[in-house]
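> Here is my input, please return the structure:
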Amino acid sequence: MRKNTIIGLGAVCFVVVFALMIFGAIAIQQVSSGDVPEKTQEMEIPESPEDNEFITSQHDSPSKILPVTQSCQGNARCISGFVTRIIDGDTIDVDGQSIRFVLVNTPEYGEDDYTQARNYIETICPIGTPVLVDEDDLQTKGSHGRIIGVIYCNNLNLSEEILEAGHAEIIPSICSKSEFADEPWAQKFGC
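Modelled structure (predicted):
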């Protein structure tokens, strides 16, 4: 019985991975042909984690499929995937992996501007959007199980965008520990 359960779970995992590969191929073909699907449903953004701890979505109804034109630098991980959750103003999930925006800090739940910061990220990088994550070479151990890096979404650097919008602050104590501290956007905000 136990062997059948393991085999069954393996088959389910294989089907899920295969379906994701097929979806990726379809998305690439749609982008190549210019046949970009429109958003099929509106999502209501909860006001607090009690309303809905996180907004989650499947990859089946992205608002837009845009090619990411940036590339990764350095030697750390370079991850491409889709936004699956918006956690707060400086953390999102990409294909289920938690990614922390490099060099920035936004308000935590219950603090002023938490909702505005979170909603801003959801607006410029909605769930289902393809992203590229350039992990920070000097912070490969991450933070609380999260990868730390620059996230490019809709050809925008999310760390830079949240700073420009006034919903985040640079973390000066991290500047000496980040490969991105010398980037113009990081220097502009205090690194």
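
> And the pLDDT for the closest residue to Leu156 other than its chain neighbours?
What sits nearest to Leu156 in space, not counting adjacent residues and going by Cβ to Cβ, 6 or more residues apart in numbering, is Ile124, at 6.2 Å. Any C-beta I mention is one placed from the backbone N, CA and C, and that applies to glycine too. Looking at Ile124, its pLDDT reads 96.

> Now for Ile124, how many residues are close by?
Neighbourhood size, Ile124 [other Cβ atoms under 10 Å]: 15.

> I figured it hits Cys153, correct?
Yes. The pair Ile124 / Cys153 is scored as a contact, 6.9 Å apart, by Cβ atoms under 8 Å.

> And stretch 179-190, what's buried?
179-181, 183, 185-186, 189 (16 or more other Cβ atoms under 10 Å).

> quick one, what contacts Ser98?
Residues near Ser98 by Cβ atoms under 8 Å, 6 or more residues apart in numbering: 87, 91-92, 145-147.

> just to revisit the earlier point, wait, what's in contact with the residue nearest to Leu156?
Ile124 touches 153-154, 156, 158, 161, counting by Cβ under 8 Å, 6+ apart.

> Am I right that Asn119 falls within a helix?
Yes. If the criterion is DSSP: H, G, I helix; E, B strand; the rest coil, then Asn119 is within a helix.

> Check the gap between it and Gly89 for me.
Asn119 sits 9 Å away from Gly89 when distances are taken as Cβ to Cβ, to the nearest Å.

> quick one: which of the two has more around it?
When neighbours are counted by other Cβ under 10 Å, Asn119 and Gly89 differ, and Gly89 comes out ahead with 27 against 15.

> Touching, that one and Thr115? I think so.
No. Taking Cβ under 8 Å as the definition, Gly89 is not a contact partner of Thr115, at 9.1 Å.

> Show the contacting residues for the closest residue to Thr91 other than its chain neighbours.
Leaving aside its chain neighbours, Thr91 sits nearest to Arg100 (5.2 Å; criterion: Cβ to Cβ, 6+ apart). Counting by Cβ under 8 Å, 6+ apart, Arg100 makes contact with 90-91, 142-144, 146-149.

> Name every strand pairing with whichever strand or helix holds Arg100 and say which way it goes.
Of the helices and strands defined by DSSP states H and E, Arg100 is found in strand 97-101. Strand 97-101 pairs in its sheet with strand 91-94 (antiparallel), strand 147-153 (parallel), by DSSP bridges.

> which of those strands is buried the deepest?
Most buried of these, by mean neighbour count (mean count of other Cβ atoms under 10 Å): strand 147-153, with a mean of 25.

> Output that strand as PDB, restricted to C-alpha atoms.
Provided in PDB are the C-alpha atoms of strand 147-153 (Å, rounded to 0.1, in the frame of the first residue of the first chain):
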ATOM      1  CA  ILE A 147      16.400  34.500  -1.400                       C
ATOM      2  CA  ILE A 148      17.700  38.000  -1.400                       C
ATOM      3  CA  GLY A 149      18.100  39.700  -4.800                       C
ATOM      4  CA  VAL A 150      17.000  42.200  -7.400                       C
ATOM      5  CA  ILE A 151      13.700  41.300  -8.900                       C
ATOM      6  CA  TYR A 152      13.000  42.400 -12.500                       C
ATOM      7  CA  CYS A 153       9.300  42.500 -13.300                       C
END
